[in-house]
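J.: Quick one: sequence plus predicted model below, questions after.
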Amino acid sequence: MSGPFEERSGAVPCATPWGCWYQTLEEVFIEVQVPPGTRAKDIQCNLQSRHLALAVRGQEVLKGKLFDCTIADEGTWTLEDRKLIRIVLMKTNRDAGNCWTSLLENEYAADPWVQDQMQRKLTLERFQRENPGFDFSGAEISGNYSKGGPDFSKLEK
């Protein structure tokens, strides 16, 4: 098993007009396509615990209240190849039951199929963390996986 779980299992992206967003147990990733040749000085990005604002060359791309709380001091953005902005937000609630259904409140919601796939992936990621000797990256899951799947913590060992 080499590499983080999300690299081995792949992302479940939610497509948007400006790019896509996806999530892991701990983070939310936002990828915004920008005109080739964009420079860092062309970008205004404001990351707060519950709000996000992104403008490129004075044009608002993304602005609003996030679906859930993030750790503002740990949010970052990078410009890659002068054509892609990648924003990484650290979730405050990092359990498998905290699967964001949309990026912003009432905007950029995942369709039901994508939401289902996101929840499955977060549940498998939770299983991976609870059982580090096993590789769940290619596993299939069925049954009760909503809200992070069954809670086995109360079972006697």
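T.: That came in fine, so what should we check first? If you're wondering where the values come from, they're calculated on a predicted model, not measured in any experiment.

J.: Return the set of buried residues in the helix ranked longest in the chain.
T.: Looking across the chain with DSSP state H, the single longest helix is helix 112-130. Residues 114-115, 117-128 are the ones in helix 112-130 that count as buried (16 or more other CB atoms under 10 Å). For glycine as for every other residue, the C-beta is placed from the backbone atoms N, C-alpha and C.

J.: Have a look at this structure and report the helix or strand with the lowest mean pLDDT.
T.: Every helix and strand of the chain was ranked by mean pLDDT, DSSP states H and E. The lowest is helix 5-9, at a mean of 57.

J.: ok, then the element right after it?
T.: Using DSSP states H and E, the helix or strand that follows helix 5-9 in sequence is strand 14-16.

J.: Note down every partner strand of that next one and its orientation.
T.: Its sheet considered, strand 14-16 pairs with strand 19-23 (antiparallel) by DSSP bridges.

J.: The partner strand vs helix 112-130, what angle?
T.: Compare the direction of strand 19-23 with that of helix 112-130 by axes from the mean of the first three to the mean of the last three CA atoms, to 10 degrees and you get 40 degrees.

J.: quick revisit: what would the buried residues of helix 112-130 look like in a markdown table with pLDDT and distance to E31?
T.: Converted to a markdown table, the buried residues of helix 112-130 look like this (pLDDT from 0 to 100; distance: CB to CB, whole Å):
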| residue | pLDDT | distance to E31 |
| --- | --- | --- |
| V114 | 92 | 15 |
| Q115 | 90 | 18 |
| Q117 | 88 | 17 |
| M118 | 90 | 15 |
| Q119 | 88 | 21 |
| R120 | 86 | 21 |
| K121 | 86 | 17 |
| L122 | 86 | 19 |
| T123 | 84 | 23 |
| L124 | 83 | 22 |
| E125 | 83 | 19 |
| R126 | 83 | 24 |
| F127 | 82 | 26 |
| Q128 | 83 | 24 |
